[in-house]
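Asker: Here's a sequence, model it:
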Amino acid sequence: MPCGPRRNRVWARHGSKLRARGAKRGHRVRSEDAGPPAGGSSVFAADDEGGRAIPLGVRTDTTRFEARAVLLPRSILLLYTDGLVERRRRSLDEGIGQAADLVGEGRDVALADLAGRLMTGLAPAAGFEDDVALLLYRRPGPLDLEYSADLDHLAPARRALRGWLEQCALGPEQAQDILVAAGEALANAIEHGHRDSPGGLVRLRATASVDRVEVTVADTGTWKPPRPSSGSLRGRGLALMRALLEEVSVDPGPTGTTVRLRTRIVHDEPAHP
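Answerer: As a prediction, this is how the structure comes out:
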């Protein structure tokens, strides 16, 4: 994509640039590798060389070009300064390949842990010679909501979770199973967890990795063991959750109860680290 002289001058003070735009099926990333700003650099791996250019601020009347790549659901984007991968007497491609391998091997771990693996796995024996900064992003990012324990908040929470699941590119049946199970956990937290302490808080958090989704529902109330009654569907929410998902755990405690729902993703399309 062409980038005119005016934007060339605007970005001249900042070096390489990267912009991202989100969509349901994939985030579109645009990059221009146009030389480092003072003290740093950026490398963007794409399928073509369209984003390569002379440094920003040089020949500001020149039309520039950007490279594009689509960040698929459950993919990981790694941004870093050159000190992470650049070594004396070793090709830059080798360092980039090693970083990509580590991201691929750790694509199912928390991003904070993956950052630690990268720093440890890429560190030279004598330590880094240059300052290192890195940024990891997994698409989609976590969903994190907190609201008062009121049934009026149940529908908005379900809508937010449904929209987040759409970004994960799950099959419709699996997404519905997760939504139903999480809805049961939310309803239980509101209706039963806070039956003796109205006005408490309920937190919904959802995360996705390359092959697993985890939804956590935590309340500040008191756990009520299920007591299914004959001829009634009430009290069967926990059994329903376990019928729909692979792993369901309940952790009651003095400050509240946490329900964790986990399931392995049935891949409809490949995800790339």
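
Asker: and T207, how far is that from R74?
Answerer: Going from T207 to R74 by CB to CB, to the nearest Å gives 11 Å. Placement of C-beta: from N, CA and C, glycine included.

Asker: Out of the two, name the residue with the larger neighbour count.
Answerer: R74 (27 against 20; other CB atoms under 10 Å).

Asker: Identify the residues contacting that one.
Answerer: R138, R139, C168, A169, A208, S209, V210, D211, I265, A271 (CB atoms under 8 Å, 6 or more residues apart in numbering).

Asker: so where's the protein shaky on pLDDT?
Answerer: 1-58, 60, 64-67, 193-198, 225-235, 267-273 (pLDDT under 70).

Asker: quick one, longest helix in this structure?
Answerer: Under DSSP state H, the helix in the chain containing the largest number of residues is helix 172-191.

Asker: what residues are up against the nearest residue to F128 once chain neighbours are set aside?
Answerer: In this structure, F128 finds its nearest non-sequential neighbour in G83, 5.7 Å apart by CB to CB, 6 or more residues apart in numbering. For G83, the contacting residues are F128, E129, D130, D131, V132, by CB under 8 Å, 6+ apart.

Asker: what do you get if the cut-off is 6 Å, keeping everything else the same?
Answerer: Contacts for G83 (CB atoms under 6 Å, 6 or more residues apart in numbering) come out as F128, D130, D131, V132.

Asker: How about the contacts made by I190?
Answerer: The contact partners of I190, taken as CB under 6 Å, 6+ apart, are A149, L151.

Asker: hmm, try it at 7 Å
Answerer: Shown in contact with I190 (CB atoms under 7 Å, 6 or more residues apart in numbering): A149, D150, L151, L154, V202.

Asker: since we're on the third one, how many residues are nearby?
Answerer: Spelled out, it's L151. Residues lying near L151 (other CB under 10 Å) number 10.

Asker: Skip the chain neighbours and tell me the closest residue to it.
Answerer: I190 (5.6 Å).

Asker: Check the gap between that neighbour and V259 for me.
Answerer: For I190 relative to V259 (CB to CB), the value is 12 Å.

Asker: Over to T63?
Answerer: From T63 to V259 the distance is 55 Å (CB to CB).

Asker: Comparing those two, which residue is more hemmed in?
Answerer: Higher neighbour count among T63 and V259: V259, with 26 against 11, using other CB under 10 Å.
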